[in-house]
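**Student:** task: produce atomic coordinates for the following.
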Amino acid sequence: MSRTGVIVLLLSLVLLTVTGIWLAGKFERRTITVPTGLTGEAATNPLLAAERFLVAMGIPARRVTDPARVPQDLAPGDLLIITHERRSLGRGRSRELLDWVRRGGRLLVTVEPPEFDEATDSLRPLPDPLLEELRLSVRPVPTETGEETSPEPLDIEWPGAQGVLRVRLARDRVIDGARAGDLVLENDRGALMVRRRLGKGQVTVLNDLDFLRYTALGKEDHARFFWHLTDGRGTVWLLQDIAMPSLATWLWQRIPQTILTLVLLLGLWLWSRAPRFGPLLPVPPPRRRRLLEHVDASGHFLWRQNRQATLLAALREAILERAARRHPAWSAMDDQARAAWLSEHHDLEPELARALLAGGDALAPAQRPAFTRLVRQLQTLRKNL
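**Tutor:** The predicted structure is shown next:
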């Protein structure tokens, strides 16, 4: 390496060293935490915190994944929590739930947020079969311009609780229809919660259950309030997001036999339309009967109809025609002469000869053996003419 190259290399090393010392004096290394949001099951299960809170407090908690199993899997004394839309349960399933409550079950539900009606330019409540069965209704509360619509903290004095519970509940809807004897939590707008005894059980209707979702359970006094809502006993069933099922699921739940039949028919149709492997088997030609079989069948039919004369008519005509052709004098004879000639030359009884010439029923016997002998005799006569 030349002398100039060595000098350039040394100057570069000095520059890098000075820059490193300067940077080390100007920057410091720190470890910071960046929020990434919920992940895993916590991101997909809004009630995971509530479920684990119950388990930690010694209360069995289970999730309901099939609304069709409600209330078959529930026992008296259990608590069912429905945190979201339940209109798809329908009136019939709602009545089943209330019957289960009357047998000792406990039900905790929320109401649907009101939706905006463009026709009236106002909020209107959604139909709710369960609330209709309880004679309760939801009344939207309009907010003033500029007023916050987020849940407001409410100080609750719960029976048996130590101190006041601070809970955030929705402020845009209240519950109407509370009766004397109901446990009611209310603010200046109206009732936010109604708890009603029903038979051996009870129903609790809250205007909002969002304080149970995700991390909201750990804020304010939400966990304590939730504990008092469960009464600290029984198995808690968590049913959430009961949205309207897809059309395919809805049809399968109601007409599975029809769907299976249609699938089977579709499969048979596809099988019939599918390309075949190999040549088709030849269609066998139609079976042709012998002429003798047709003659035999016709004879049996005429015999069953007592038309023996018809069976003998052709044979009689053949005999008379052959006699006229073989004996020129035949045409000049009358019937008496013809009968005498047949008796004399062919050993035919005179009565049979006269019957043969007369034709009709006089010639045909009624009994099968006699008929057979007569036909044999006439055939011999025809051959001998």
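**Student:** surely residue 315 is in contact with residue 378?
**Tutor:** Yes: using CB atoms under 8 Å, residue 315 is in contact with residue 378, at 5.3 Å. (Glycine included, C-beta is placed from N, CA and C.)
**Student:** residue 130 and residue 92, how far apart?
**Tutor:** Using CB to CB, to the nearest Å, residue 130 is found at 11 Å from residue 92.
**Student:** over to residue 155?
**Tutor:** In terms of CB to CB, residue 155 sits 40 Å off from residue 92.
**Student:** what's residue 329 in contact with, if anything?
**Tutor:** If a contact means CB atoms under 8 Å, 6 or more residues apart in numbering, then residue 329 has no contacts.
**Student:** the longest helix in the protein is where?
**Tutor:** helix 3-26 (DSSP state H).
**Student:** which strands and helices sit next to the next helix or strand after that one?
**Tutor:** Using DSSP states H and E, the helix or strand that follows helix 3-26 in sequence is helix 41-44. Contact partners of helix 41-44 among helices and strands, from 3 or more CB pairs under 8 Å, 6 or more residues apart in numbering; DSSP states H and E: helix 48-56.
**Student:** CA atoms only for the helix it packs on, dumped as CSV, please.
**Tutor:** Output of helix 48-56 as CSV, limited to C-alpha atoms (Å, rounded to 0.1, in the frame of the first residue of the first chain):
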residue,chain,number,x,y,z
LEU,A,48,-63.0,-14.1,28.4
ALA,A,49,-62.2,-11.8,31.3
ALA,A,50,-65.7,-12.3,32.8
GLU,A,51,-65.4,-16.0,32.4
ARG,A,52,-62.0,-16.2,34.1
PHE,A,53,-63.1,-13.8,36.8
LEU,A,54,-66.0,-16.2,37.7
VAL,A,55,-63.6,-19.2,37.7
ALA,A,56,-61.2,-17.4,39.9
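**Student:** can you start the count at 401 instead of 1 from here on
**Tutor:** Let's use 401 as the start, then, which means that last one is helix 448-456.
**Student:** average pLDDT across that helix?
**Tutor:** Here helix 448-456 scores 89 as its mean pLDDT.
**Student:** do you know the pLDDT at residue 653?
**Tutor:** At residue 653, the model reports a pLDDT of 66.
**Student:** go on, residue 407?
**Tutor:** Residue 407 is assigned a predicted lDDT (pLDDT) of 78.
**Student:** distance from the chain centre to stretch 608-627, please.
**Tutor:** 39 Å (CA atoms, centre = their mean, to the nearest Å).
**Student:** pull out the buried positions in it.
**Tutor:** For stretch 608-627, a neighbour-count test (16 or more other CB atoms under 10 Å) marks 608-614, 616-617, 620-627 as buried.
**Student:** now swap in stretch 728-748 and tell me
**Tutor:** Of the residues in stretch 728-748, 730, 738-739, 741-743, 748 count as buried by neighbour count, 16+ other CB under 10 Å.
**Student:** how close does residue 424 sit to residue 418?
**Tutor:** 11 Å.
**Student:** swap in residue 618?
**Tutor:** To residue 418, residue 618 is 52 Å away according to CB to CB.
**Student:** check residue 745 too.
**Tutor:** 161 Å.
**Student:** re earlier: in helices, which of the buried residues of stretch 728-748 appear?
**Tutor:** Among these, DSSP H puts 738-739, 741-743 in helices.
**Student:** what's the neighbour count on the closest residue in space to residue 479 that isn't next to it in sequence?
**Tutor:** Once flanking residues are discounted, residue 479 sits nearest to residue 506: 4.3 Å by CB to CB, 6 or more residues apart in numbering. For residue 506, the count of nearby residues is 26 (other CB atoms under 10 Å).
**Student:** residue 506 contacts residue 598, correct?
**Tutor:** No: using CB under 8 Å, residue 506 makes no contact with residue 598, being 9.6 Å away.
**Student:** show me the contacts for residue 541.
**Tutor:** 571-574, 589-590 are the contacts of residue 541 under CB under 8 Å, 6+ apart.
**Student:** before we move on, back to that, could I get the buried residues of stretch 728-748 as JSON lines with distance to residue 515?
**Tutor:** Listed next are the buried residues of stretch 728-748 as JSON lines, based on distance: CB to CB, whole Å:
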{"residue": "730", "distance to residue 515": "114"}
{"residue": "738", "distance to residue 515": "114"}
{"residue": "739", "distance to residue 515": "115"}
{"residue": "741", "distance to residue 515": "118"}
{"residue": "742", "distance to residue 515": "114"}
{"residue": "743", "distance to residue 515": "118"}
{"residue": "748", "distance to residue 515": "113"}
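**Student:** with these in mind, which one is nearest to residue 536?
**Tutor:** The closest of the buried residues of stretch 728-748 to residue 536 turns out to be residue 748 (CB to CB; 115.1 Å).
**Student:** for the spatially most central residue of the chain, give me its contacts.
**Tutor:** Nearest residue to the geometric centre of the chain (CA atoms, centre = their mean): residue 652, 1.8 Å. Residues near residue 652 by CB under 8 Å, 6+ apart: residue 659.
**Student:** check residue 454 too.
**Tutor:** Counted by CB under 8 Å, 6+ apart, residue 454 has contacts 460-461, 630, 636.
**Student:** tabulate these (a markdown table), appending pLDDT and distance to residue 662.
**Tutor:** Formatted as a markdown table, the contacts of residue 454 follow (pLDDT from 0 to 100; distance: CB to CB, whole Å):
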| residue | pLDDT | distance to residue 662 |
| --- | --- | --- |
| 460 | 90 | 43 |
| 461 | 89 | 41 |
| 630 | 89 | 46 |
| 636 | 90 | 41 |
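**Student:** now rank those by neighbours and give me the top one.
**Tutor:** Comparing the contacts of residue 454 by number of neighbours (other CB under 10 Å), residue 636 comes first, having 23 neighbours.
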